[in-house]
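Participant: What follows is a protein structure lacking sequence information:
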């Protein structure tokens with residue numbers, strides 16, 4: 001969903017609908033349970049297609065696959081989704097039995113969810129049609145706002161391999177010195193959490209890394225492989241590919257995504273208010289906000 005922070009503040013209730021959509025979130029609101037019912041079949045499908053049944057409602061295999069695909073969930077999570085569907089369905093049916101679905105509060109909440117869902121879709125389409133941010137625009141913004149990208153403390157761009165034994169670390173180091181790519185060596189030998197990113201830790205501050213690594217990281221020459229470093233976590237190898245000192249301006253390539261996000265947020269905000277202004281001028285709008293005095297008179 002395209003929804004930056006300022007739109008979330010204007011349409012805060014949308015978060016509840018977003019949470020409801022995600023597997024694993026617990027939202028014990030009757031109107032959400034009511035919405036969930038529409039994902040189940042009311043008419044009995046073929047027995048081979050039924051994944052779960054609660055009372056007279058069914059969850060079909062097709063509906064399950066469509067929901068997993070829409071939410072970007074792995075097939076392996078299907079059993080968890082079915083369990084959650086059953087739990088919510090029994091709660092929903094109990095809420096119905098108690099008559100909790102026949103309330104003005106539910107109608108208001110459903111209206112709110114519908115409006116905010118459609119507003120989000122409208123904004124998503126409008127942004128897609130009108131926002132184009134090309135690299136020359138990003139570079140121009142970067143050059144005019146360099147102060148935003150000034151370093152407040154020294155950092156290094158560090159690659160890291162962690163092994164359990166010195167022998168394995170020495171083997172990995174010899175492979176690196178022989179010219180093997182760092183990402184290949186990291187995938188082969190590293191057991192650290194950054195293995196999934198080929199050992200790339202990105203830019204790190206001095207205080208963000210343990211003292212044993214800090215000393216080497218900020219002294220080693222660029223693109224050199226460190227000696228094997230021992231710590232309580234195991235045996236480490238480091239490679240530093242970039243250094244930034246305090247008050248240095250971060251390179252454009254390193255902040256490109258941040259520049260894009262800033263420009264995008266600004267354009268979305270402007271398009272939002274332009275759209276609201278245009279639509280308000282296309283229809284009749286009347287506003288009469290009660291004052292404190294009006295409220296006082298209404299109580300007497």
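Facilitator: Perfect, I can see it now. As the structure is a prediction and not an experimental result, all values here were calculated from the model.
Participant: Tell me which residues of the longest strand seen in the chain come out buried.
Facilitator: Using DSSP state E, we find that the single longest strand of the chain is strand 234-244. By neighbour count on 16 or more other C-beta atoms under 10 Å, the buried set for strand 234-244 is 234-240, 243-244. Backbone N, C-alpha and C define where each C-beta goes, glycine included.
Participant: Would you mind giving the orientation angle of whichever helix or strand comes after it with respect to strand 234-244?
Facilitator: Under the assignment DSSP states H and E, the closest C-terminal helix or strand after strand 234-244 is helix 252-280. Relative orientation of helix 252-280 versus strand 234-244 (axes from the mean of the first three to the mean of the last three C-alpha atoms, to 10 degrees): 70 degrees.
Participant: helices or strands next to helix 252-280 in the packing?
Facilitator: helix 5-10, helix 104-130, helix 135-144 (3 or more C-beta pairs under 8 Å, 6 or more residues apart in numbering; DSSP states H and E).
Participant: and residue 190, which of those helices is closest to it?
Facilitator: helix 135-144 (33.6 Å; C-beta to C-beta).
Participant: Tell me the strands beside the next helix or strand after the closest one, with direction?
Facilitator: Of the helices and strands lying after helix 135-144 in sequence (DSSP H and E), the nearest is strand 155-163. Strand 155-163 pairs in its sheet with strand 200-205 (antiparallel), strand 234-244 (antiparallel), by DSSP bridges.
Participant: about what we covered before: CSV for the helices and strands packed on helix 252-280, including mean neighbour count and mean pLDDT?
Facilitator: Output for these, formatted as CSV (neighbours: other C-beta atoms under 10 Å; pLDDT from 0 to 100):
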stretch, mean neighbour count, mean pLDDT
helix 5-10, 12, 41
helix 104-130, 14, 94
helix 135-144, 13, 96
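Participant: want to try JSON lines for those helices, with distance to residue 160 as columns?
Facilitator: JSON lines is the format used below for those (distance: least, C-beta to C-beta, whole Å):
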{"stretch": "helix 5-10", "distance to residue 160": "32"}
{"stretch": "helix 104-130", "distance to residue 160": "38"}
{"stretch": "helix 135-144", "distance to residue 160": "28"}
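Participant: so which of those gets nearest residue 49?
Facilitator: Short answer: helix 104-130, nearest of the helices and strands packed on helix 252-280 by C-beta to C-beta, at 28.1 Å.
Participant: counting contacts, what elements does the closest one pack onto?
Facilitator: helix 14-21, helix 30-37, helix 252-280.
Participant: go with 6 Å
Facilitator: In terms of contacts (3 or more C-beta pairs under 6 Å, 6 or more residues apart in numbering; DSSP states H and E), helix 104-130 is packed against helix 30-37.
Participant: Okay, now the unreliable bits of the chain?
Facilitator: 1-43, 292-300 (pLDDT under 70).
Participant: Would you map out the domains in it?
Facilitator: 5-125, 131-150+252-293, 151-244 (automatic domain parsing).
Participant: Kindly compare burial across those domains and name the winner.
Facilitator: Ranked by mean neighbour count, these are led by domain 151-244 with a mean of 17 (mean count of other C-beta atoms under 10 Å).
Participant: What distance separates the opening and closing residues of that one?
Facilitator: Using C-alpha to C-alpha, to the nearest Å, the end-to-end distance of domain 151-244 comes out at 7 Å.
Participant: Distance to residue 172 for the strands paired with strand 155-163 - can I get that in CSV?
Facilitator: Shown next, in CSV, are the strands paired with strand 155-163 (distance: least, C-beta to C-beta, whole Å):
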stretch, distance to residue 172
strand 200-205, 16
strand 234-244, 6
